[in-house]
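A.B. asks: sequence and predicted structure, then a few things I'm wondering about:
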Amino acid sequence: MVATANGKGTFSEHHQLSIGAGLHHKAAAEFVAECDVVLAIGTELASTDLWSGPLKFPGDLIRIDVDPAQMITNALPDYCLVGDAQATVTALNQRLGKAHASQEAAKRAQRWQKLFRKHARTQGAAWLPLVEAMKEVLAPGAVIAGDSAMACYYGTLSNLPLEGPASFLYPTGFGTLGYGLPAAIGAKMGAPDRQVVALHGDGGVMFTLPELATAAQERLPLPVIICDNGGYGEIRREMVDRSEPVHGVNLPGVDFAMVAKGLNCHGLTVDDEDRFAAALRKAFTADRPTVLHVVGDLAGA
């Protein structure tokens with residue numbers, strides 16, 4: 001089992017047959033290419049999830065989708081099951097009966113898990129200290145509201161296991177900068193008993209930074225993590241890779257901790273993994289939002 005970004009958390013990433021979350025990894029594509037049958041549930045199989053081109057299906061492809069038009073978009077299935085995902089999967093399970101993973105299937109999944117995690121950790125190496133600190137603090141059922149930021153799609157997507165549907169809120173497809181903070185506010189108000197974290201880059205958070213005032217007014221114990229790499233790091237990297245002049249992507253340093261305090265939130269600048277973990281833990285019990293301005297190597301800078 002492999003989850004897309006928006007499908008992360010729909011089944012446990014700790015399950016013995018779970019390979020991971022993120023279809024963009026080479027290991028995910030190679031795994032699918034080895035399968036006799038692929039069951040694709042509610043996924044567009046679109047380029048927003050598949051960064052290196054369409055998946056190859058040497059065996060049968062079965063698609064489940066509530067939208068008949070979507071059923072034949074991006075990949076033509078051998079079998080179409082049009083309907084609500086939960087209802088259709090439930091009906092399939094009833095028809096097939098209970099089954100347990102064979103030793104062969106478990107060993108095969110374990111092999112692909114190792115390859116997937118190796119690729120994910122290599123791609124997200126710059127953010128692993130941040131991710132490991134979050135693992136230490138987050139409780140089961142925590143919600144990450146991520147922006148279109150490198151710390152999210154390279155860092156947490158494939159390296160931070162989460163439990164339960166809607167545990168990873170992420171703007172797949174549109175690359176919407178600024179999404180994380182408003183999404184986190186909505187999630188925290190809708191599920192006040194769950195830990196909710198907003199995770200941003202320093203460029204993206206500038207789109208919706210004033211929403212801190214809303215979160216402060218509602219007195220939400222909401223950690224807002226801002227990974228500061230001095231601008232729009234992904235666009236800057238792509239310019240360098242194409243040997244283009246780097247322009248319009250570097251931002252002057254912003255003191256986000258000071259901005260937070262000006263909007264009646266707590267604010268702290270951190271560059272150390274242990275200090276970050278302690279601050280994140282404290283933020284979940286605070287009397288208002290806490291902005292954690294992450295700088296240096298911890299931010300992937």
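C.D. replies: Arrived safely. Numbering: from 1, shown residues only.

A.B. asks: distance of residue 87 from residue 194?
C.D. replies: Summarising the geometry, the distance separating residue 87 from residue 194, computed by C-beta to C-beta, to the nearest Å, is 26 Å. Any C-beta I mention is one placed from the backbone N, CA and C, and that applies to glycine too.

A.B. asks: between those two, tell me which one has more neighbours.
C.D. replies: residue 194 (16 against 11; other C-beta atoms under 10 Å).

A.B. asks: pretty sure residue 226 is in a strand, no?
C.D. replies: Yes. Membership of residue 226 in a strand is supported by DSSP: H, G, I helix; E, B strand; the rest coil.

A.B. asks: how many other residues sit next to it?
C.D. replies: Counted with other C-beta under 10 Å, residue 226 comes out at 32.

A.B. asks: which strands or helices does the helix or strand hosting residue 38 pack on?
C.D. replies: Counting by DSSP states H and E, the element that carries residue 38 is strand 37-41. For strand 37-41, the contact count by 3 or more C-beta pairs under 8 Å, 6 or more residues apart in numbering; DSSP states H and E identifies strand 60-65 as packing neighbours.

A.B. asks: what strands flank the strand it packs on, and is each parallel or antiparallel?
C.D. replies: If you go by DSSP bridges, strand 60-65 pairs up with strand 37-41 (parallel), strand 79-82 (parallel).

A.B. asks: for that strand, list the C-alpha coordinates in PDB.
C.D. replies: Once non-C-alpha atoms are left out, strand 60-65 reads as follows in PDB (Å, rounded to 0.1, in the frame of the first residue of the first chain):
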ATOM      1  CA  ASP A  60      -4.400  -5.000 -14.300                       C
ATOM      2  CA  LEU A  61      -5.400  -1.600 -13.100                       C
ATOM      3  CA  ILE A  62      -8.600  -1.300 -11.000                       C
ATOM      4  CA  ARG A  63      -9.800   2.200 -10.200                       C
ATOM      5  CA  ILE A  64     -12.400   3.300  -7.600                       C
ATOM      6  CA  ASP A  65     -13.700   6.800  -7.900                       C
END
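
A.B. asks: touching that strand from outside, list them.
C.D. replies: By C-beta atoms under 8 Å, 6 or more residues apart in numbering, the residues outside strand 60-65 that reach it are 36-42, 71, 75-83, 85, 88-89.

A.B. asks: just the helices in the stretch 51-200 of the chain please.
C.D. replies: Under the criterion DSSP state H, counting those that start in this stretch, the stretch 51-200 of the chain carries helices at the ranges 85-96, 103-123, 128-137, 150, 157-159, 180-190.

A.B. asks: list the buried residues for the third one?
C.D. replies: For helix 128-137, the buried set under the neighbour-count rule, 16 or more other C-beta atoms under 10 Å, comprises 128-131, 133-134, 137.

A.B. asks: from the residues you listed, which two are the most distant?
C.D. replies: Using C-beta to C-beta, the pair of the buried residues of helix 128-137 lying farthest apart is 128 and 137, separated by 15.2 Å.

A.B. asks: and residue 119, how far from residue 232?
C.D. replies: Where residue 232 is concerned, residue 119 sits at a distance of 25 Å (C-beta to C-beta).
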